[in-house]
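J.: pasted the sequence and its predicted model underneath.
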Amino acid sequence: MLSAKEIRESFKTFFASKGHRIVPSAPMVVKGDPTLMFTNAGMNQFKDIILGNVPVSHPRVADSQKCLRVSGKHNDLEEVGHDTYHHTMFEMLGNWSFGDYFKQEAIQWAWEYLVDTLHLAPARLYATVFEGSPAENLARDEEAAGYWARYLPSGQILNGNRHDNFWEMGDTGPCGPCSEIHIDLRPDAERAATPGASLVNRDHPQVIEIWNLVFMQYNRKADGSLEPLPAQVIDTGMGFERLCMALQGKTSNYDTDVFQPLIQAIARMTGTPCGADSRKDVAMRVIADHIRTIAFSITDGQLPSNARAGYVIRRILRRAVRYGYTFLDRREAFMYRLLPTLIETMGDAYPELIAQQTLIGKVMKEEEDSFLHTLETGIRLLDRKTEEARAAGNRILSGADAFALYDTYGFPLDLTELILRENGMEVDLDGFQREMRKQKERARNAAAVETGDWVTLKSGETQFVGYDVFECDTEILRYRKIRQKNRELYQLVLNRTPFYAEMGGQVGDCGRLLSESGAIDILDTRRENNLPVHLTERLPDDVTAPFTAQIDVGKRIRCECNHTGTHLLHQALREVLGTHVEQKGSYVSPDILRFDFSHFQKVTNEELRQVERLVNGRIRADTPIDEYRSIPIARAREMGAMALFGEKYGDEVRVVKFGASVELCGGTHIPSTGQIGMLCIVNESSIAAGVRRIEAVTAGGAENYLYGLQDTLRELYALMNHVPNLAQTIRKAIEENAELKKQLTVYMKKQTALLKAKLLEKAEEHNGVKVIRYRGEGNTDILKDLAFQVKSEIPGKICFVAGIEDGGKCLLMVMLSEELVAGGLSASELVKAAAGHIQGGGGGQPHFAVAGGKRSDGLNAAIETVLEKAGLK
């Protein structure tokens, strides 16, 4: 039986023998593509080639690509782990042809690999072909069907509809029919009883698709019509985990050696036998699946966070923690301890796991610890909501409350349902789903971009000349209209451009496009599928005219100062802190530079000063740029340039050197370091476990920063009467203030005790309830504390009501004992009923509530209304 490692290598070896160049997997986390957060298919890294934005360097390629899917057909995150063959992170084995071979070879080699090389049984294989679409005047794919007829009987060649057998990159762009290969893994008796053909594409767990051969031969235009592609493309993708299941004789992907080492490690760690409890089995599958996703995302530079891709990774991690918490009784971080097992199974194929093991472990442990605390917080919040609902006589938790727990605190819906069931309650699922739909709709609207078709004026590719000049003569190659957030813009593609398109953390250039008929502003320059596009609010009067492209030189130079400063900062950090420092992200704008790097403790003030001194010394040295364009990546590594994990590099790269600083970089830089003037570090912080962030300014930004510090210092000296030792004087003032606060606290406690005694002495009793009232000036926090002291110290039924004037505000406060709440009273309802007397409003919990208002002369009437409504007069 072939192991997973052997299967992966056999695929690469087979297609190498067919003249394919074997390329490494692109990062799973996508950078520089606004339409995509994660690589969700093997073709993603080749989009720019398929779209014709870059030339074809190798007409045949193959690889094993790490992918991530958390939405779409069969990929709802909440379902992963419950079936046998869907995952978040998976590997896609693929082969591509860019204008070379087409359907015949794609089908022939798929059959040869599966049957002749891997020895899968032909009787268990089925192929689907596109049945055609009369509405689009598309006939059945007879060409593909004819090639399949050479290998399969007609009963194993099935028609597929447009949904399953016509692949599209998006609403517009390359598309075409596809041919899926399915395998029937059922026992012979079941196959004899029910033909496999009837179960293809019917979600049967043992009759599954393993390979999809996409024949890109059309281009979808914005109006929905199709036109032939100038160069046809083959794009195939085979699910590696599913192939392992078929070859290893298993009925579940999780039973293969891709997942079993992890599942067995989880079982040993938790003392949970496999197969004894279906819910625990699901939990172990979820954790085994999710740890792969989390680890690979971190190696590719995506840390868990609350935004975009980072939020997806955090959500996946928290789902795994929650399954461990709920079903495996894990009350402390544990997933990070599975990393050695993951590396043992996948480290050979993906060495970045080994190189980044320490960082992955630290990030995972911190995230696990954080979410375990969140779970405890969520349970307390849910307990409070449950108590409020019961007090109101309600056995259903509102969908809005359940969604707030889910969205704000990361508290999962199914755990909310479980806890509610244990308390004889349920959640309004329809209400929850309504809130979820609203959120998704908001996200869709925010991200929606409508694009028109490209209007092509001339053929050609964009030549970037911005390394050498700030302006150049140019022509428009093509343009299109886009609509985003109700704003209409145009994208222009130029044949030559000095405009740098946003990439690698450096923001895009802006400027103007000049012609005899006038000028238009270039608002921004971005990169879409490796195509530099220039954004404008309007088109030139004559789009065919010759133009001069002119960037905003001041903005560019400020960016270049900050970008070169980032390189110098990176080198200095490695010298001061150690060579473990590696870039984890950067942002370069005209105003500030931000640099994220691996380091496992706070950088001390002394270390920051040492870094600044090194950088500024190299700025004063006025070292000129030493640049190498389009050199082989192997030579770049020999020069000492570091390849960053999570970045995609071509065969040829650009190297930028400033003295000892040697980096692979496509951005723009200052000609020599002296033009930077100075670099000042303005902040150092932690953004994740093992990842620090430095923010700094250079050139004019550094000058203004120092001016601001000088102004602040002068102001402080003036406030302290120009004392000779300012720091000592401020420290002494702070210490004296702290001591006065302590004295004030002691005094207020004494006064509170006196007030409490006085109020208790004047307490009235109505219908067996002790009524304590207060009317006057006071501190709201002190009176709240007093109310709860009374509640905890005095047994029985208590109603505390206070009308308070506090610093120009007036407040009505009500506190009820548990006995009164259980009897049907609600402090929240009482303050709402009385708030009109003070022209205000408020609310709270059944046992404690506050209302604020404008009219203090209405406080007495408000107090009386509370007591009357409570039946205590």
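T.: Noted; the coordinates are in hand. Numbering: from 1, shown residues only.

J.: only C-alpha atoms from now on, for both contacts and neighbour counts.
T.: Will do.

J.: CA atoms of stretch 58-75 as PDB?
T.: Taking Å, rounded to 0.1, in the frame of the first residue of the first chain, the C-alpha atoms of stretch 58-75 are listed here in PDB:
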ATOM      1  CA  HIS A  58       6.500  27.100 -19.000                       C
ATOM      2  CA  PRO A  59       3.600  25.800 -21.100                       C
ATOM      3  CA  ARG A  60       3.300  22.700 -19.000                       C
ATOM      4  CA  VAL A  61       3.400  22.700 -15.200                       C
ATOM      5  CA  ALA A  62       2.300  20.400 -12.300                       C
ATOM      6  CA  ASP A  63       2.300  20.700  -8.500                       C
ATOM      7  CA  SER A  64       0.800  19.800  -5.200                       C
ATOM      8  CA  GLN A  65      -1.000  22.900  -4.000                       C
ATOM      9  CA  LYS A  66      -2.100  23.600  -0.400                       C
ATOM     10  CA  CYS A  67      -5.600  25.000  -0.500                       C
ATOM     11  CA  LEU A  68      -8.200  26.300   2.000                       C
ATOM     12  CA  ARG A  69     -12.000  26.400   1.600                       C
ATOM     13  CA  VAL A  70     -14.500  27.500   4.200                       C
ATOM     14  CA  SER A  71     -17.500  28.300   2.100                       C
ATOM     15  CA  GLY A  72     -19.200  27.300  -1.100                       C
ATOM     16  CA  LYS A  73     -20.400  23.900  -2.400                       C
ATOM     17  CA  HIS A  74     -20.000  21.300   0.400                       C
ATOM     18  CA  ASN A  75     -17.600  23.500   2.300                       C
END
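
J.: contacting residues around that stretch?
T.: 8, 12, 15-16, 19-28, 38-42, 76-77, 86-100, 293 (C-alpha atoms under 8 Å, 6 or more residues apart in numbering).

J.: nearest residue to Leu573 in space, please, no chain neighbours.
T.: Closest residue to Leu573 apart from its sequence neighbours, by C-alpha to C-alpha, 6 or more residues apart in numbering: Val611 at 6.2 Å.

J.: so where's the stretch 51-200 of the chain uncertain?
T.: 71-76 (pLDDT under 70).

J.: helices of that one, start to end?
T.: Under the criterion DSSP state H, counting those that start in this stretch, the stretch 51-200 of the chain carries helices at the ranges 103-111, 142-148, 162-165, 188-193.

J.: same question, the stretch 501-650 of the chain
T.: 553-577, 605-620, 633-638.

J.: TSV for these, including distance to Arg384 and mean neighbour count?
T.: Formatted as TSV, these follow (distance: least, C-alpha to C-alpha, whole Å; neighbours: other C-alpha atoms under 10 Å):
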stretch	distance to Arg384	mean neighbour count
helix 553-577	47	22
helix 605-620	44	17
helix 633-638	59	15
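
J.: of all the helices of the stretch 51-200 of the chain, which lies closest to Ile681?
T.: Ile681 sits nearest to helix 162-165 of all the helices of the stretch 51-200 of the chain, at 54.5 Å, using C-alpha to C-alpha.

J.: who does that closest one touch, helix- and strand-wise?
T.: On a contact count with 3 or more C-alpha pairs under 8 Å, 6 or more residues apart in numbering; DSSP states H and E, helix 162-165 meets strand 125-130, strand 173-184.

J.: could I get those as JSON lines with distance to Asp591?
T.: Below are the helices and strands packed on helix 162-165 laid out as JSON lines (distance: least, C-alpha to C-alpha, whole Å):
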{"stretch": "strand 125-130", "distance to Asp591": "54"}
{"stretch": "strand 173-184", "distance to Asp591": "37"}
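
J.: phi and psi next, for Val207.
T.: phi -120, psi 90 (degrees, to the nearest 10).

J.: end-to-end on stretch 497-517?
T.: Using C-alpha to C-alpha, to the nearest Å, one end of stretch 497-517 lies 20 Å from the other.

J.: these two touch, right, His87 and Gly81?
T.: Yes. His87 lies in contact with Gly81 (C-alpha atoms under 8 Å); the separation is 7.4 Å.

J.: what's the overlap in contacts for the two?
T.: By C-alpha under 8 Å, 6+ apart, the residues touching both His87 and Gly81 are Asp289.

J.: who has more neighbours, these two?
T.: Neighbour totals were compared for His87 and Gly81, and His87 leads with 29 against 22 (other C-alpha atoms under 10 Å).

J.: give me the neighbour count for the closest residue to the more buried one other than its chain neighbours.
T.: Of all residues not flanking His87 in the chain, Val80 sits nearest, at 5.7 Å (C-alpha to C-alpha, 6+ apart). As a burial measure, Val80 scores 20 neighbours (other C-alpha under 10 Å).

J.: now swap in Asp414 and tell me
T.: Around Asp414 there are 12 other residues, counting by other C-alpha under 10 Å.

J.: hmm, back to that, distance to Cys680 and mean neighbour count added to the helices and strands packed on helix 162-165, as CSV?
T.: As requested, the helices and strands packed on helix 162-165 are exported to CSV (distance: least, C-alpha to C-alpha, whole Å; neighbours: other C-alpha under 10 Å):
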stretch, distance to Cys680, mean neighbour count
strand 125-130, 62, 26
strand 173-184, 47, 24
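
J.: mind checking pLDDT for His20?
T.: In this model, His20 is scored at 97, pLDDT.

J.: which residues sit in contact with it?
T.: So His20 contacts Arg60, Val61, Ala62, Asn95 (C-alpha under 8 Å, 6+ apart).

J.: let's see it at 6 Å
T.: His20 makes contacts with Arg60, Val61, as judged by C-alpha atoms under 6 Å, 6 or more residues apart in numbering.

J.: any stretches of the stretch 201-350 of the chain with poor pLDDT?
T.: Applying pLDDT under 70 to the stretch 201-350 of the chain picks out no residues at all.

J.: hmm, try it at 80
T.: Residue ranges of the stretch 201-350 of the chain with pLDDT under 80: 306-307.

J.: returning to what we had before: nearest to Gly237, of the helices of the stretch 51-200 of the chain?
T.: Closest among these, using C-alpha to C-alpha: helix 103-111, at 10.7 Å.

J.: buried sites along the closest one?
T.: Within helix 103-111, the residues that count as buried by 16 or more other C-alpha atoms under 10 Å are Lys103, Ala106, Ile107, Ala110, Trp111.

J.: same list, these, but as JSON lines with distance to Ser817 please.
T.: What follows is these, written out as JSON lines (distance: C-alpha to C-alpha, whole Å):
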{"residue": "Lys103", "distance to Ser817": "78"}
{"residue": "Ala106", "distance to Ser817": "77"}
{"residue": "Ile107", "distance to Ser817": "77"}
{"residue": "Ala110", "distance to Ser817": "75"}
{"residue": "Trp111", "distance to Ser817": "77"}
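
J.: tell me which element Cys244 is part of?
T.: Here Cys244 sits within helix 240-247, counting by DSSP states H and E.

J.: repeat for Ile313
T.: Using DSSP H and E, the element containing Ile313 is helix 308-327.

J.: what residues does that helix touch?
T.: Under C-alpha under 6 Å, 6+ apart, the answer for helix 308-327 is Met37, Lys280, Ala283, Ile287, Leu303, Pro304, Ser305, Arg330, Arg331.

J.: any idea how far Ser64 is from the closest residue to Lys250 other than its chain neighbours?
T.: Sequence neighbours aside, Thr256 is the residue nearest to Lys250 in space, at 6.7 Å (criterion: C-alpha to C-alpha, 6+ apart). According to C-alpha to C-alpha, Thr256 stands 18 Å off from Ser64.

J.: which one's more surrounded, the two?
T.: Between Thr256 and Ser64, counting by other C-alpha under 10 Å, Ser64 is the more crowded of the two (26 against 22).

J.: could you export stretch 468-486 as CSV, CA atoms only?
T.: C-alpha atoms of stretch 468-486 as CSV (Å, rounded to 0.1, in the frame of the first residue of the first chain):
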residue,chain,number,x,y,z
ASP,A,468,14.4,54.8,-13.2
VAL,A,469,12.0,57.7,-14.0
PHE,A,470,9.1,59.6,-12.5
GLU,A,471,7.4,60.3,-15.8
CYS,A,472,7.3,58.8,-19.3
ASP,A,473,5.4,58.8,-22.6
THR,A,474,2.7,56.2,-22.7
GLU,A,475,-0.5,54.9,-24.4
ILE,A,476,-3.6,53.3,-23.1
LEU,A,477,-3.7,49.6,-24.0
ARG,A,478,-7.2,48.9,-22.5
TYR,A,479,-9.7,50.2,-20.0
ARG,A,480,-12.9,49.3,-18.3
LYS,A,481,-15.5,50.8,-16.0
ILE,A,482,-16.0,49.5,-12.4
ARG,A,483,-18.5,50.3,-9.7
GLN,A,484,-17.5,49.9,-6.0
LYS,A,485,-19.5,51.2,-3.0
ASN,A,486,-21.7,53.2,-5.3
